[in-house]
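> With the input below, show me the fold.
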Amino acid sequence: MDESGRPQPGSGTTDDHQAARPGPTPPPPAGTNGTARANSVPHTPRDPEEPPHKEHPEDATPADEGDTSDTASGSDPFAQRSSADGDDTAPPAQDPVSQDDTPPTRTPATSGRRPTKAPEPRGGLLMGRPFGVPVYVAPSWFLVAALITWVFGGQLDHVLPGLGAVRYLVSLFFAVAFYASVLVHELAHTVAALRFKLPVRRIQLQFFGGVSEIEKESETPGREFVLAFVGPLLSLVLAGVFYLGMLAVEPGTVPGVLLAGLMISNLIVAAFNLLPGLPLDGGRMLRAIVWKITGKPMSGTIAAAWVGRALAITVLIGLPLLTQSGALGEGAADVSGMDTVTDALLAAILAAIIWTGAGNSLRMARLREHLPELRARTLTRRAVPVESATPLSEALRRANEAGARALVIVDADGEPRSLVREAAIVGVPEHRRPWVAVSGLAQDLTDGMRVSAELAGEELLDTLRATPATEYLVVEESGAIYGVLSAADVERAFVKAMARPS
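Next comes the predicted model:
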């Protein structure tokens, strides 16, 4: 089971700058499991002569002074520079700036309206919250439950012919009991993660088993190994429990057949997930071992991911051959209730899941490798304070003089009250700007929109996700205004990180 939240078989995630007016940029391409995947972003090597980041000097001037827009005026800093080229932010650091695979969600801001908090991610039918973690049953589970009921019901007709139509009710009970075993497997990962103080977003039961979405990586290879191993271990324990129960009942009865089926299915789940390739639990165990030997988590991820890809090819070719050759038993095809075409389809689906999961693991590792370099202080735009009744043209003139690219509305005491939205500024024609007050283009500040200038990496991203907005006020520890952080700038930093080599 992949505790990072990628689909788990059996246990059951151009830097082409345009000289356009600033505004929201589209998010990176999305991949599976609700995470952003930027597979199609062209490779853009980092300029080795790129200057290091500098703090905002008091005499700073706007960046990219040579860039002009077709609608720019001499006093409009928002139209003079392309937001795609970094706006007024300080030059990026020598190391690439990145964030994790899900950029902050942006919602349209309206004046005086409190931003809506992002809804909790769902995954189907909510079944409960063991240990405070929501458990969902995906719609695909009902499809596989019907498949198991049909296949197992056909086998019961040979083993217990006297059941008649009741055999399908027994088969449905088996399907539910099997997925209850999968849930126990996932809960083992969840309990271990919570024990290591790693947040778990949810557990989802789906077509090919289950997935525990653990939001952070383990801090040590030892914890990574334990976190991966507890799932297959619990499946083996359940297989032993069902075996003991099978010994206590009469063979050839409904309880005996059910217990035997659950024992075998849990053995298969444990054995399959112990295969040493990502995204399986065995792959995460292999990653932990290589990590321990080399001292580099990225080396462990690369090794386990490539083994996972080799495993996917093996499953694609080998599973149909094993079934049809009789290597799994003379009646393997009959026991499975599947023909050659179905076996090949099942093998192709399993191979695709393993291959995709291995690739996603590599991509996530590369992003997390650069995640600490994402800093609020680096991406923040210089801002100037203005009063609510200030005409937009006057506010833009002050911003131009200060080399700023953001406006913060303050009260009579100098306390920030709201942020003037960049998209709203661009939408006001130049001839109307002397007659439009900045208060009509602002979004009221909430506690979640105040971001510390010291935030970086995953802590910064978690803060932005908690309160989706287009702009955030960045403050020093003393409470002084440092500037404004744009969600569009964070997304561009993500795209640049994806385009650069690891």
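
> Disregarding flanking residues, what is the spatial nearest neighbour of residue 242?
For residue 242, ignoring the flanking residues on the chain, the nearest one in space by Cβ to Cβ, 6 or more residues apart in numbering is residue 263 at 3.9 Å. (Each C-beta comes from the backbone N, C-alpha and C, glycine too.)

> so who does the one you found touch?
Residue 263 makes contacts with 239, 242, 243, 246, as judged by Cβ atoms under 8 Å, 6 or more residues apart in numbering.

> Out of these, list just those in helices.
Among the contacts of residue 263, the members falling in helices (DSSP state H) are 239, 242, 243, 246.

> Report the separation between the spatially most distant residue from the centre of the chain and residue 254.
Residue farthest from the centre of the chain, counting by Cα atoms, centre = their mean, is residue 162 at 50.1 Å. Applying Cβ to Cβ, to the nearest Å, one obtains 10 Å for the distance of residue 162 from residue 254.

> Also residue 140?
Applying Cβ to Cβ, the value for residue 140 to residue 254 is 28 Å.

> Check residue 441 too.
71 Å.

> and if you look at residue 132?
Residue 132 is 37 Å from residue 254, by Cβ to Cβ.

> The two: which is more packed in?
residue 254 (18 against 8; other Cβ atoms under 10 Å).

> got the contact list for the more buried one?
Residues in contact with residue 254 (Cβ under 8 Å, 6+ apart) are 160, 163, 170.

> which phi and psi does it have?
phi -60, psi -50 (degrees, to the nearest 10).

> now residue 199
Torsion angles, degrees, to the nearest 10, at residue 199: phi -70, psi 140.

> Wait, it touches residue 214, no?
Yes. Between residue 199 and residue 214 there is a contact at 7.3 Å, judged by Cβ atoms under 8 Å.

> Can you pick out the residue with more neighbours from those two?
Using other Cβ under 10 Å as the criterion, residue 199 and residue 214 rank with residue 214 on top: 24 against 12.

> Need the per-residue pLDDT for that one.
If you check residue 214, the pLDDT there is 90.

> Also residue 197?
93.

> Same check on residue 455?
For residue 455, the model assigns a pLDDT of 89.

> can you tell me how far the closest residue to it other than its chain neighbours sits from residue 124?
Counting by Cβ to Cβ, 6+ apart, residue 376 is the residue found nearest to residue 455 once chain neighbours are left out, at 4.6 Å. Per Cβ to Cβ, residue 376 is found 36 Å from residue 124.

> neighbour count winner among those two?
residue 376 (24 against 17).

> so that one touches residue 460, yeah?
Yes. Contact criterion Cβ under 8 Å: residue 376 and residue 460 qualify, at 5.4 Å.

> overlap in contacts of those two?
Common neighbours of residue 376 and residue 460 (Cβ under 8 Å, 6+ apart) are residue 451.

> what's the closest of the ones in helices among the contacts of residue 263 to residue 425?
residue 239 (64.0 Å; Cβ to Cβ).

> these two touch, right, that closest one and residue 267?
Yes. If you go by Cβ under 8 Å, residue 239 and residue 267 touch, sitting 4.7 Å apart.

> Those two: who's more crowded?
The residue with more neighbours, out of residue 239 and residue 267, is residue 239; 21 against 17, by other Cβ under 10 Å.

> Enumerate the positions of stretch 416-436 that are buried.
The neighbour-count check on stretch 416-436 (16 or more other Cβ atoms under 10 Å) flags 416, 418-426, 428, 433, 436 as buried.

> To clarify, my last question referred to stretch 402-412.
In stretch 402-412, counting by 16+ other Cβ under 10 Å, buried: 402, 403, 404, 405, 406, 407, 408, 409, 410.

> Between those, which sits nearest residue 175?
Nearest to residue 175 among those, counting by Cβ to Cβ, is residue 406 at 56.4 Å.

> Least confident secondary structure element in the protein?
Lowest on mean pLDDT, DSSP states H and E among the helices and strands of the chain sits helix 332-336, with a mean of 43.

> The helix or strand following that one - what's its average pLDDT?
Using DSSP states H and E, the next helix or strand after helix 332-336 towards the C-terminus is helix 340-370. Mean per-residue pLDDT for helix 340-370: 82.

> quick one: buried residues of helix 340-370?
Those would be 343-344, 346-347, 350-351, 353-370, for helix 340-370 by 16+ other Cβ under 10 Å.

> go on, stretch 441-448?
Applying 16+ other Cβ under 10 Å to stretch 441-448 flags 441, 442, 443, 444, 445, 448 as buried.

> likewise stretch 172-187?
So stretch 172-187, judged by 16+ other Cβ under 10 Å, has buried residues 172, 174, 175, 178, 179, 181, 182, 183, 184, 185, 186, 187.

> From the rest of the structure, what touches that stretch?
Under Cβ under 8 Å, 6+ apart, the answer for stretch 172-187 is 1, 11-12, 130-131, 135, 141, 144-145, 148-149, 152, 203, 205, 209-212, 231-232, 234-235, 238, 258, 261-262, 265-266, 269, 273.

> same thing but 7 Å
1, 11-12, 130, 135, 141, 145, 148-149, 152, 203, 205, 209-210, 212, 231, 234-235, 238, 258, 261-262, 265-266, 269 (Cβ atoms under 7 Å, 6 or more residues apart in numbering).

> Among those, name the ones in strands.
Those of these mapping onto strands are 135, 203, 205, 209, 210, 212, per DSSP state E.

> What count of nearby residues applies to the first one?
When neighbours are defined as other Cβ under 10 Å, residue 135 has 23 of them.
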